[in-house]
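> Compute the structure for the input listed below.
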Amino acid sequence: MAAAAGDTEAEAEAGAGRRLPPHAAAGPVLHTVEMHTGGEPLRIVPQLEEAPAAGPSLLALRRHMAASRDHVRRALMHEPRGHGGMYGAVVVRGEAAAGADLAALFLHGAGYSAMCGHAVLALGRFALDYGLVAAPRRPETAVRLRCPCGPVTAFVPWDGRRSGNPVRFHSVPAFAAATDLSIDVPGYGKVVVDIGYGGTFYAFLSAEQLGLDVCSSKTRDLVDAASAVTEAVKKQFKPYHPESEDLAFLYGTILTDGKDAFSEEPTTNICVFADEQVDRSPTGSGVTARIALQYHKGLIQLNQTRTFRSSTTGSLFTGKAVKATRFGDYNAVVVEVSGEAFYTGTATFTVEEEDQLKYGFFFK
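Okay, the predicted model is just below:
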């Protein structure tokens, strides 16, 4: 992996008197920038050392990473370098980012996501501070990002020297894939869910349907219930994406407090995705999908702002539908999501060839 912000590897190794520990000569040296958005971590790999011969498609590159370079994800997301809630982004330049300032592949404990709102908010700041945008503008700069689900634009405060908060982004077209869908969940009985798309598909329902309270129930109970819903929905409903079968999968379940009608008061939710991973933030792509569902149901109008609270950290995102559009056969909306992203440091990771756990282990 290349060092961030134009540093050479030697400069990165010598910086502040630091030297790399003993490591495999042929093994990767992984330089990262560490951030969080609403408490959800983002471990950014600024640049791939080698450009995989996977063609210009970001989805093709995603498949290539999963098939031949998954050790990078495991090394950075899993213990001992990561943890059960770690999340990451590999910055991609070149053909796959054509027409954008940068492209990104999103990594988590179980694999690769198609979209990540908290990462987009953080990458907007990162792109400005690390010189990836040619001509930043005051007081706000548009940063064009290409995600596996399509192009999104982040809008980042800029004072001429550094980025600021809050950051906002405009989503890919978001839509209601299904509403009032009856699902039989083993151990919980029949529930009614909505399926929304905000760059990836989520199932939504109130925690009350499962005998829980999203604000006061134990996180373990919420995770178990949400995971059971996800597995049940996967067996009983197949999402359809107008452009790519690679994007037609259910990413997770978001349990809510049931407060979907427009209100100036925050509504609380918890997102459980991938392999029982819990988002510490209100979930940017989840906010996108939930706004699309609320708009579809006539519960909110264009440009009515709602505030979303994470049940795990209490952090807040805002969301609003800013434009009605069509996406394939769907009536869709472009959603604006806003939140705050912060730097937490930088890191350099190495491996030793003899280490039996060099590419990580997953424990839960």
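> Quick one: the helices in the protein, in order.
9-14, 58-68, 70-77, 117-129, 219-236, 284-296 (DSSP state H).
> how about the nearest residue to I270, chain neighbours excluded?
S311 (4.3 Å; C-beta to C-beta, 6 or more residues apart in numbering). The C-beta positions use only the backbone N, C-alpha and C, and glycine is treated the same way.
> hang on, the one you found packs against N269?
Yes: using C-beta atoms under 8 Å, S311 makes contact with N269 at a distance of 6.5 Å.
> residues contacting the closest residue to R43 other than its chain neighbours?
Closest residue to R43 apart from its sequence neighbours, by C-beta to C-beta, 6+ apart: G88 at 4.2 Å. G88 is in contact with 32, 42-45, 73, 76-77, 106-108, counting by C-beta atoms under 8 Å, 6 or more residues apart in numbering.
> And G88, what's its pLDDT?
pLDDT for G88: 98.
> So it versus H78, what's the distance?
To H78, G88 is 11 Å away according to C-beta to C-beta, to the nearest Å.
> quick revisit: nearest to V229, of the contacts of G88?
For the contacts of G88, the minimum distance to V229 (C-beta to C-beta) is 18.9 Å, reached by H108.
> these two touch, right, the closest one and E276?
No: if you go by C-beta under 8 Å, H108 and E276 don't touch, sitting 11.2 Å apart.
> Neighbour count for those two, which is higher?
It is H108, of H108 and E276, that has more neighbours when counted by other C-beta atoms under 10 Å, with 21 against 17.
> which residues does that one contact?
77, 86-88, 273-274, 277.
> partners of it in the sheet?
Y87, G111 (DSSP bridges).
> so what's the residue nearest to I270 up against?
Taking C-beta under 8 Å, 6+ apart, we find S311 in contact with 214-215, 219, 222, 268-270.
> Extract the C-alpha trace of stretch 233-247 and format it as PDB.
The C-alpha trace of stretch 233-247 is given here as PDB (Å, rounded to 0.1, in the frame of the first residue of the first chain):
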ATOM      1  CA  VAL A 233     -36.300 -12.000   4.600                       C
ATOM      2  CA  LYS A 234     -33.500 -13.500   2.500                       C
ATOM      3  CA  LYS A 235     -35.500 -16.700   2.300                       C
ATOM      4  CA  GLN A 236     -38.900 -15.100   1.500                       C
ATOM      5  CA  PHE A 237     -38.000 -12.000  -0.600                       C
ATOM      6  CA  LYS A 238     -35.600 -11.400  -3.500                       C
ATOM      7  CA  PRO A 239     -34.600  -7.800  -4.100                       C
ATOM      8  CA  TYR A 240     -34.500  -6.500  -7.600                       C
ATOM      9  CA  HIS A 241     -32.000  -3.900  -8.800                       C
ATOM     10  CA  PRO A 242     -32.600  -2.200 -12.200                       C
ATOM     11  CA  GLU A 243     -28.900  -2.100 -13.200                       C
ATOM     12  CA  SER A 244     -27.000  -5.000 -11.700                       C
ATOM     13  CA  GLU A 245     -27.600  -8.400 -10.100                       C
ATOM     14  CA  ASP A 246     -24.400  -7.800  -8.100                       C
ATOM     15  CA  LEU A 247     -26.400  -5.200  -6.100                       C
END
